[in-house]
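K.L.:
Sequence first, predicted model second:
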Amino acid sequence: MAKSRPQSQPQAITVSLNDLAHGNVSLDTLETAFGPESLGIIIVRDLPKEFVSLRQKLLSMSSYLANLEGEQLAKLEKAEANYSVGWSWGKETLADGRYGTLKGSYYAQPIHNTELEAKARSLYPDNFAMTSPNVWPEESVLSGFEETFETMCRLIVDVAALVARSCDCYGVARLDGYSEGTLENIVRSSVSTKARLLHYFPPPRSVASAEPKENTDSGVDIDDDWCATHVDIGALTGLTSQMFVDEALHSPARPASDSYPPHLPELEAHPDPKAGLWIKSRSGHTTQVHIPRDCLAFQTGMALQLITRGAFRAVPHFVRGGKVDGVGGKIARNTLAVFTQPNLWEEVEKGRTFAVFAEAEIKGGL
């Protein structure tokens, strides 16, 4: 009897920004990228020329920020916003219930609209996590951080809007009653969009050498100490490529002067090739996704799945920490994620606002 051929696994799809801008990405390509059998991610190349330097600058700043003195970081914390604005460390739980201390996050909302922000505060006065104003380190502490952060986020939102426009074309063509411009309007104008600058601290030797938690049919241990397996709740999540920095060789201590901190030298790759972003398909297979340094990736979230009535699907993903012994034991990972999300009062499905949906999903542990 002939052996059955192994089922091919989905791969990340790459498109050109120019093709997105001119509406040249086919509906079939979008379905391959985001549909029921996909990895739920699309990579966009040929970005504006300033992107590469912006990425290097901001991701270097992530290391400098995470290594500020405790009193400076404390000024950037907002407990009343559930640590979802400003600096957050040790507040997030991993899959096994432990608090994650290997990752620090800096949250800010990059889209500004005075009228819509006032509406959000009026309608949801107790939702401080989504309505509190941003907080920034002083220029004397980390020069240029706010400007660099917001400039990069605006670029990512602009690219996300073109991805969203293509998704809207798919919706109009293949989903009865889909309203033109639905997703693009969310991406361009929602004040609920949240950016998260991440610094994954070098794992201690005891963690780096820990026994794996689970093994999948791909033969890869699910070791999500850097970021637990989860599904994003928003529409499209914009992701930069990861930056690996050997902090034993290049100290992220804050410069003494008020000038821009120098860019940190970036490793070509982590010594452990399995470190980084992994996506878990609906079959249970895990696939590692590599985002080139000069590209952005956009991942599907639960709000997009609801808005497209399941035509595009969100997928679970996690970040695997590097397993290193000896050389490379001080390697940190920096990246930026921009979660485009509907305004709190906008419906993601009939009769259900994003505020209601998000609260239920967060309480459910996603």
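P.N.:
Good, I have the coordinates.

K.L.:
From now on I want contacts and neighbour counts done on CA atoms only, so please keep to that.
P.N.:
Fine.

K.L.:
can you give me the helices in the chain?
P.N.:
Ranges of helices within the chain are 17-21, 27-34, 51-66, 70-74, 114-123, 128-131, 145-174, 182-189, 205-208, 302-307, 354-363, based on DSSP state H.

K.L.:
mind checking which of the ones you listed is nearest residue 80?
P.N.:
helix 128-131 (6.6 Å; CA to CA).

K.L.:
who touches that closest one?
P.N.:
With contact meaning CA atoms under 8 Å, 6 or more residues apart in numbering, helix 128-131 is reached by 80-85, 117, 120-121, 124-125, 192.

K.L.:
got it, and stretch 27-34?
P.N.:
Under the contact criterion CA under 8 Å, 6+ apart, stretch 27-34 has outside partners 12-13, 38-42, 166-167, 169-170, 300, 311-314.

K.L.:
Same question for stretch 348-365.
P.N.:
In contact with stretch 348-365 (CA under 8 Å, 6+ apart) are residues 233, 303-304, 306-307, 342-347.

K.L.:
ditto for stretch 45-64
P.N.:
Here stretch 45-64 has contacts from 14-18, 142, 145, 148-149, 152, 155, 197-199, 240, 243, 252-254, 261-264, 293-296, 334-336, using CA under 8 Å, 6+ apart.

K.L.:
quick one: average pLDDT of that stretch?
P.N.:
Throughout stretch 45-64, pLDDT has a mean value of 96.

K.L.:
how about the CA coordinates for it, as PDB?
P.N.:
What follows is stretch 45-64 as a C-alpha-only set of coordinates in PDB (Å, rounded to 0.1, in the frame of the first residue of the first chain):
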ATOM      1  CA  ARG A  45       8.500  44.400   1.800                       C
ATOM      2  CA  ASP A  46       9.700  47.500  -0.100                       C
ATOM      3  CA  LEU A  47       8.900  49.800   2.900                       C
ATOM      4  CA  PRO A  48       9.800  53.600   3.000                       C
ATOM      5  CA  LYS A  49      13.500  54.100   3.100                       C
ATOM      6  CA  GLU A  50      13.400  55.600   6.600                       C
ATOM      7  CA  PHE A  51      12.000  52.400   8.100                       C
ATOM      8  CA  VAL A  52      15.300  50.500   8.600                       C
ATOM      9  CA  SER A  53      17.000  53.300  10.600                       C
ATOM     10  CA  LEU A  54      13.800  54.000  12.600                       C
ATOM     11  CA  ARG A  55      13.600  50.300  13.500                       C
ATOM     12  CA  GLN A  56      17.200  50.100  14.700                       C
ATOM     13  CA  LYS A  57      16.900  53.300  16.700                       C
ATOM     14  CA  LEU A  58      13.700  52.400  18.500                       C
ATOM     15  CA  LEU A  59      14.600  48.800  19.200                       C
ATOM     16  CA  SER A  60      17.900  49.900  20.600                       C
ATOM     17  CA  MET A  61      16.000  52.300  22.800                       C
ATOM     18  CA  SER A  62      13.900  49.400  24.100                       C
ATOM     19  CA  SER A  63      17.100  48.000  25.800                       C
ATOM     20  CA  TYR A  64      18.000  51.400  27.200                       C
END
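
K.L.:
What are the buried residues along it?
P.N.:
45, 47, 51, 54-64 (16 or more other CA atoms under 10 Å).

K.L.:
likewise stretch 67-76?
P.N.:
67-68, 73, 76.

K.L.:
Over to stretch 15-35?
P.N.:
15, 17, 20, 25, 27, 30-35.

K.L.:
again with stretch 286-293
P.N.:
286-289, 291.

K.L.:
Closest to residue 107 out of these?
P.N.:
residue 291 (21.9 Å).

K.L.:
Could you measure from residue 249 over to residue 335?
P.N.:
Noted for residue 249: a distance of 20 Å to residue 335, by CA to CA, to the nearest Å.

K.L.:
Those two: who's more crowded?
P.N.:
residue 335 (22 against 11; other CA atoms under 10 Å).

K.L.:
Next step: the buried residues of stretch 286-293 restricted to strands.
P.N.:
286-288 (DSSP state E).

K.L.:
Tabulate those residues in JSON lines, adding columns for pLDDT and distance to residue 354.
P.N.:
Formatted as JSON lines, those follow (pLDDT from 0 to 100; distance: CA to CA, whole Å):
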{"residue": "286", "pLDDT": "87", "distance to residue 354": "29"}
{"residue": "287", "pLDDT": "89", "distance to residue 354": "30"}
{"residue": "288", "pLDDT": "90", "distance to residue 354": "30"}
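
K.L.:
can I get those residues in TSV with distance to residue 276?
P.N.:
What follows is these, written out as TSV (distance: CA to CA, whole Å):
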residue	distance to residue 276
286	12
287	11
288	7
